[in-house]
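[1] Can you look at this prediction? I've put the sequence above it.
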Amino acid sequence: MNARFSSQVLWFQQHRLSKMKISTVKTMQSHIALYLLPKWSNKTLQSITAEKVNEWLSSDDVSHLNPKTMKHIVTTLTMIIGKRFAPREIRYPSLMREREETRCFTPEEMKSLIEKAEGVYKLLFAIAAETGARAGELFALEITDIDFIRNQIHIKRSVYDGQVQSPKTQNAYRVIDVQPWLIQLIKNHIGDRRAGLLIENKRHHAMRNTTVLRRHLDPLLRKLGFAQGGMHAFRHGRVSYLVESGVPKDIIMAWIGHGSEKMIELYTHLRPGYRAAALANIKPLMPSTSGNSLAEVAQAM
């Protein structure tokens, strides 16, 4: 335990990090370079205590980060030093500022995006809207993942920064039932092709999310006068639409690839019109006052 943190980082990178998924590697390398090495480089492993970590989390070095990001960085730290802290031993600051609402495309916005998109992007946005699949899952789809008989799409892999990797979690391996209109759109797009990537760039390689956003989705959103949002806004929009349509949560979880109802709730953004319609079906607690005072209304009750 007297070893220096910097030496342990080298061991971790060579023996453990190198065996992880590409996306995990890049995230943890960022944690190490930006936050962990600048703070703990010359410290011994034994000196990295919960008390010291809590002091660090309240310092200017990381205080600008949100608690979720802090937790991810601390997770990387514990994996490197090989020591877990007890539950609630690490104190993460509360998120004091008001949380911005995550962008969620409405059904009307998704329909407009599909209608106005051109070429392969029409198909990309259509599959995103119909399945709620993650961007990396969409870019990794192969023609053989489409069941043209049962109207199903199989999620078997993902793409991160142009490279194929396994899906995000075990629940992410799934089969998504889709409607016939999407299957027909896929057939029209692939023509005589029977193998290879379903959605590919001009060089027949997997697409990159940053390129899709910068060159296609962002400009189209501006053209339509819609608020900016990424590919994940299709995912939020799909979950919300399924909830509003009365689809059971267990089916939504199976299609979306999540293992908890709590996550479905986080993805759900019920539209004001939907909420207003629900309220209209509820019997009022108090009858209409029609100008009468509350005392008169209460006496009438």
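    In hand now; what should we look at?
[2] got a list of what the closest residue to G229 other than its chain neighbours touches?
    Spatially, and ignoring its direct neighbours in sequence, G229 is nearest to R103 (3.5 Å; CB to CB, 6 or more residues apart in numbering). C-beta here means a position set from N, CA and C on the backbone, and glycine is covered the same way. Contacts of R103 were listed using CB atoms under 8 Å, 6 or more residues apart in numbering, and they are A227, Q228, G229, G230, H232, A233, H236.
[3] which residues of the stretch 1-150 of the chain score low on pLDDT?
    The model of the stretch 1-150 of the chain has pLDDT under 70 over residues 1, 94-101.
[4] Over to the stretch 201-301 of the chain?
    Within the stretch 201-301 of the chain, the set of residues satisfying pLDDT under 70 comprises 287-301.
[5] and if we set it to 80?
    By pLDDT under 80, the weakly predicted segments of the stretch 201-301 of the chain are 259-268, 270-279, 281-301.
[6] Straight-line length of stretch 266-274, end to end?
    Here the two ends of stretch 266-274 are set 17 Å apart, with distance taken as CA to CA, to the nearest Å.
[7] Within the helices and strands, which one has I127?
    Here I127 is covered by helix 120-131, with elements defined by DSSP states H and E.
[8] Show me what that helix is packed up against.
    If contacts are counted by 3 or more CB pairs under 8 Å, 6 or more residues apart in numbering; DSSP states H and E, helix 120-131 sits against helix 107-116, helix 135-139, helix 180-190, helix 232-244.
[9] Would you reformat those helices as TSV and include mean neighbour count and distance to K122?
    Listed next are the helices and strands packed on helix 120-131 as TSV, based on neighbours: other CB atoms under 10 Å; distance: least, CB to CB, whole Å:
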stretch	mean neighbour count	distance to K122
helix 107-116	17	6
helix 135-139	25	13
helix 180-190	14	8
helix 232-244	23	13
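[10] So which of the ones you listed is nearest N54?
    When the helices and strands packed on helix 120-131 are ranked by proximity to N54, the top entry is helix 232-244, at 31.9 Å, counting by CB to CB.
[11] who touches that closest one?
    By CB under 8 Å, 6+ apart, the list of residues contacting helix 232-244 from outside reads 102-107, 109-110, 125, 128-135, 249, 251-252, 255-256, 264, 267-271, 274.
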